[in-house]
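Undergrad: Would you be able to build a 3D model of this:
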Amino acid sequence: MKKSFIKIALLGSIMFSCQDFLEEEMVAVLTQERYETAAGIEELVNGAYEGLRFFHNYEWAYTLTNYGTDEFTNGGGTDQVMWNTYTGLLAPTETSNLAPLWDNMYSQINLTNTGIRNIPVVFGNDPTTVQLRDTRLGEVHFFRGFSYLKLVEQFGDVPLKLTPTESDESDFPRDPKSEVMKVVMSDLRAAAALLPATASQPGRLTKAAAQHFLAKAYLFRASERNEDITVTTDLDSAAYFADEVILNSGKTLAPSFEDLFHYTAPNGPNEMLSEIILASQFDDTQALLGRYGNQTHMYFLSVYRFFPGMTRDLQNGREFQRLLPTDFALDNFDMDNDSRLFKSFQGGYVASNSNSVPTWTESNAPSPDLVGELKFQPGDTAAIMVINKKGDTRFTPGYKDTFAPLIIARHSVGADGSESTDYDISTYPSLLKYSDPFRTNFNDAKGTRDGIIARLGETYLIAAEAYGRKGDYGKALTYVNAIRERAAYKEGEDRGRVYYLSTGNSYEETGSTVGEMMATEDAFTPGTIESQKEIYPAGVSGKSEMFIHFILNEKARELLGEFHRWVDLSRTKTLVQRGVQFNADAAPNLREFHELRPVPQGYLDALQKDGTPLDSDEKTAMQNPGY
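TA: Numbers count the residues shown, from 1 in each chain. Here you go, the predicted structure:
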């Protein structure tokens, strides 16, 4: 059981929901005085940790991060598709995702403003509490900087408020993103100086978390979307802070990519890995899961319950079929050598019953004595999801029928000999990074696993991008290849039946693929054989431009579905370029103004200037262009 350290504080109208990995003590308070005591400060800071759960609670986890990009398009679940298709429904009046992000970040900011003001006063300079004072102050500085970074990533200019709001305020205009980013850097630098190198309890912040987000913030400001506010030293700072995490924090990459996501028990080995820098904390204590729990386990799953021998079950998940991987997302992997493809997606399903299981016939039975027998029994493989290459002509109806399990091939051959596919908007490879078989039952939405917010694999790629943008491609490739070495198959590693069936490679191929995975500058040098293996959007030319897209491709392989993609495409101003080419559902409506989100209408309607509500022209001027 994780150590509990969060108590929930209620102050005025701000409520933080119950914790999962913690003992809970509800403290009902109607005044600020509670936060002027040491006990109140503990409740305040612990409530800020509760705010991290927001990023994995509900559908805003993916609508604001994965939809509408080159990696994922909409599957059969259509509740939030405007975030992928960029129709007019993606508007300031949208309240299911925009308003929660805005409101939760500002609630968090207000909480941390109180902490930043009160912590030095409450603890003073007492030598017995100075370390605790500094740690708590570092935590609230981190949370404020982190929250403002999340806001500016999505909206650009946002209101800056650096003192507690203790009564209704309506004169709260947007501030320039340049000023917001200064606060982000200042807060995260303060956090890096104050936070300990080692967490006192699982889930608490460390210096490495502040340094990781400093690197990310400096890279964000150095990117194309922010070229109007870029500072000349931003790339140096991004590289420096990423190096601090990689070289000096004691953090290490997990031995295998699969280790990160192989969830064997709540608070189990994968949640304790050194690679994890920051995660929202959950476990299987039902009374403490709050309203939502971690619901990301539902959104990446294909419908499987209609396969022969299958019904919806706990192991395979509650399939909301929201996010369908694009062709780019699958083709972007070197499937012969890069283990991340088959370690990221579900390849097989095990039968739970004998319903609708076909029988062997004279034309397909492996032996005459099997004719009339069920092709498989409960506990056997019921279906295999084949991720094969275009042009693969093996999977004819007759060939697929010779297998006991149902074969679902990405590229197959129709009865008339034409190219076909067994995939559709509800049938596709399910991303396994968030699977959660430790819920109470198969319909339970409240997930139990921690939600990774930052990990060292991303830090390596932040460093690589920073060095590459500086022109130091050799250093950049050092970091890329460290990630790729882990991604390669190791000597003698069991690659699994789905790998061999999908690739068509011989089962005798069990050697290391580290050599094949090592990248060189040829991968982003125009005209080389290696660069032709990468998937670059049409019109990309020149080494520096190709490098940015190479890094985006590598991030898509390492961080697929990990809630970073929209921001990465937006900040590099490649959202339209890559979205139009690789996401057919987004292409018709996607425009440059979509690089920023619409500012919530509720904020604009409540805003006043000199005590008077804004008129329609003033609201339009306050809104991001295009909305």
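
Undergrad: Contacts for stretch 392-399, please.
TA: 364, 386, 388, 407, 409, 411-415, 422, 504 (C-beta atoms under 8 Å, 6 or more residues apart in numbering). In this view, the C-beta of every residue, glycine as well, is placed from N, C-alpha and C.

Undergrad: typo on my end, stretch 489-509
TA: 335-337, 339, 342, 347-348, 384-389, 392, 394, 510-514.

Undergrad: Go through the residues you listed and flag which are in helices.
TA: Using DSSP state H to define helices, the subset of those located there is 342, 514.

Undergrad: quick check, nearest of the contacts of stretch 392-399 to residue 625?
TA: Relative to residue 625, the closest of the contacts of stretch 392-399 is residue 411; by C-beta to C-beta it sits at 42.0 Å.

Undergrad: Tell me which residues touch the closest one, please.
TA: Taking C-beta under 8 Å, 6+ apart, we find residue 411 in contact with 388-392, 395, 419-421.

Undergrad: again with residue 350
TA: 315, 379-382.

Undergrad: on that earlier part again, in ChimeraX, select just the buried ones from the contacts of stretch 489-509.
TA: Buried residues among the contacts of stretch 489-509 (16 or more other C-beta atoms under 10 Å), as a ChimeraX selection:
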select :335,336,337,339,342,347,384,385,386,387,388,392,513,514
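
Undergrad: before we move on, the earlier item: counting neighbours, which of the contacts of stretch 392-399 end up buried?
TA: For those, a burial check counting by 16+ other C-beta under 10 Å picks out 364, 386, 388, 407, 409, 411-413, 422.

Undergrad: and residue 404, what does it touch?
TA: Taking C-beta under 8 Å, 6+ apart, one finds 375-376, 380-381 in contact with residue 404.

Undergrad: In a markdown table: those, plus distance to residue 290 and neighbour count.
TA: A markdown table is the format used below for the contacts of residue 404 (distance: C-beta to C-beta, whole Å; neighbours: other C-beta atoms under 10 Å):
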| residue | distance to residue 290 | neighbour count |
| --- | --- | --- |
| 375 | 44 | 22 |
| 376 | 40 | 21 |
| 380 | 39 | 14 |
| 381 | 37 | 18 |
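
Undergrad: hmm, back to that, just send the contacts of stretch 392-399 back as CSV, with pLDDT and distance to residue 302 too.
TA: Formatted as CSV, those follow (pLDDT from 0 to 100; distance: C-beta to C-beta, whole Å):
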residue, pLDDT, distance to residue 302
364, 96, 26
386, 98, 13
388, 97, 16
407, 98, 15
409, 98, 14
411, 98, 17
412, 97, 16
413, 96, 22
414, 93, 21
415, 91, 24
422, 98, 11
504, 97, 23
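
Undergrad: Where strands are concerned, which of those residues count?
TA: 386, 407, 409, 412-413 (DSSP state E).

Undergrad: follow-up on the earlier one: may I see the contacts of stretch 392-399 organised as a markdown table, with distance to residue 219 added?
TA: Listed next are the contacts of stretch 392-399 as a markdown table, based on distance: C-beta to C-beta, whole Å:
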| residue | distance to residue 219 |
| --- | --- |
| 364 | 55 |
| 386 | 38 |
| 388 | 36 |
| 407 | 43 |
| 409 | 40 |
| 411 | 37 |
| 412 | 42 |
| 413 | 46 |
| 414 | 47 |
| 415 | 51 |
| 422 | 40 |
| 504 | 40 |
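
Undergrad: Please work out how many residues are found near residue 128.
TA: Around residue 128 there are 7 other residues, counting by other C-beta atoms under 10 Å.

Undergrad: Can you tell me the SS state at it?
TA: coil (DSSP: H, G, I helix; E, B strand; the rest coil).

Undergrad: could you pull out the strands for the chain?
TA: So, for the chain - with DSSP E - the strands run 8-11, 14-15, 26-29, 72-74, 276-280, 323-325, 348-350, 381-386, 406-409, 412-413, 419-420, 451-455, 608-609, 612-613.

Undergrad: No more questions from me, cheers.
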